[in-house]
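Novice: Structure for the following, please:
(one chain, ligands or ions: 1)
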Amino acid sequence: MAKILAFVGSPRREGNSETLVAEFLKGSENAGAKTELIRLNALDIRLCQACDACAGSGFCVMRDDLRPIYAEIAAAAGLLIMTPIYFGSLSAQTKVFIDRFQCWWHAKYTFKRPFVNKEEKRPAFFMTVGAWKNKSYGQNAADIAKVYFTSINYRLTGELHYTGFDYPGSVAEAPAVLEEVYKAGKDFAREALKTYGAVHRGEE
Ligand SMILES: Cc1cc2nc3c(=O)[nH]c(=O)nc-3n(C[C@H](O)[C@H](O)[C@H](O)COP(=O)(O)O)c2cc1C
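Specialist: Next up is the predicted model:
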């Protein structure tokens, strides 16, 4: 069964981002989905060097931990990206990951051979958590995530932005937030399984 992949852009183990993602994925699993939580900070992901090799092939020439992840994203049923707010936007871990999809941009727009077909309408979800009660930070981050999801042919179906959480794991003490995220994960999985099943029925 294809998975829901959740990318966490925080370096904190069991911080607010991880706590929220764990809850989201609990909801997804309850709806019958297979899930995987991937910590971007634990991976060796080099910075895009704008070498433009991908402009001639649609593939990235770098050999690092992103290699197998390209294939995982090409095969996933749904994607979640979760980032803490750093200086009013995405964490560096999240942005470095996103920039390395310039090859998918070329695959889609230059070569007209995207790794994921837009017609499949595979869903994506985006979440942020920040310390200060400033809604524009989450929106800044979401603007970038939208460009990313459009470029890789995933469809942003939902987003949640939480403010006022700073200490690691403090969001675990907000039951209403956990409940909302659990439900979002459940609804997202239903959508992902429906969408994926409509395209790939009988393949597995
Ligand atoms: C480098 C850095 C920059 C930050 N910048 C912001 C910011 O601009 N706005 C904000 O609301 N919180 C900011 N924070 C606070 C984090 O977003 C907050 O602690 C969040 O809960 C961390 O999530 P985590 O536990 O998943 O890492 C910053 C934290 C760090 C380490």
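Novice: what distance separates the helix ranked longest in the chain from the centre of its chain?
Specialist: Criterion DSSP state H: the longest helix present in the chain is helix 175-200. Centre-to-centre, helix 175-200 and its host chain are 14 Å apart (CA atoms, centre = their mean, to the nearest Å).
Novice: buried ones in that helix?
Specialist: 177-178, 180-182, 184-193, 195-196 (16 or more other CB atoms under 10 Å). C-betas here are computed from N, CA, C, even on glycine.
Novice: before we move on, what about stretch 21-32?
Specialist: So stretch 21-32, judged by 16+ other CB under 10 Å, has buried residues 21, 22, 23, 24, 25, 27, 28, 31.
Novice: could you dump it to PDB, C-alpha only?
Specialist: Only the C-alpha atoms of stretch 21-32 are listed here, as PDB (Å, rounded to 0.1, in the frame of the first residue of the first chain):
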ATOM      1  CA  VAL A  21       3.000  15.200  13.100                       C
ATOM      2  CA  ALA A  22       2.800  12.100  15.300                       C
ATOM      3  CA  GLU A  23      -0.800  13.000  16.100                       C
ATOM      4  CA  PHE A  24      -1.600  13.700  12.500                       C
ATOM      5  CA  LEU A  25      -0.200  10.300  11.500                       C
ATOM      6  CA  LYS A  26      -2.100   8.600  14.300                       C
ATOM      7  CA  GLY A  27      -5.200   9.900  12.700                       C
ATOM      8  CA  SER A  28      -4.100   8.800   9.300                       C
ATOM      9  CA  GLU A  29      -3.300   5.300  10.500                       C
ATOM     10  CA  ASN A  30      -6.700   5.100  12.200                       C
ATOM     11  CA  ALA A  31      -8.200   5.700   8.700                       C
ATOM     12  CA  GLY A  32      -6.200   2.700   7.400                       C
END
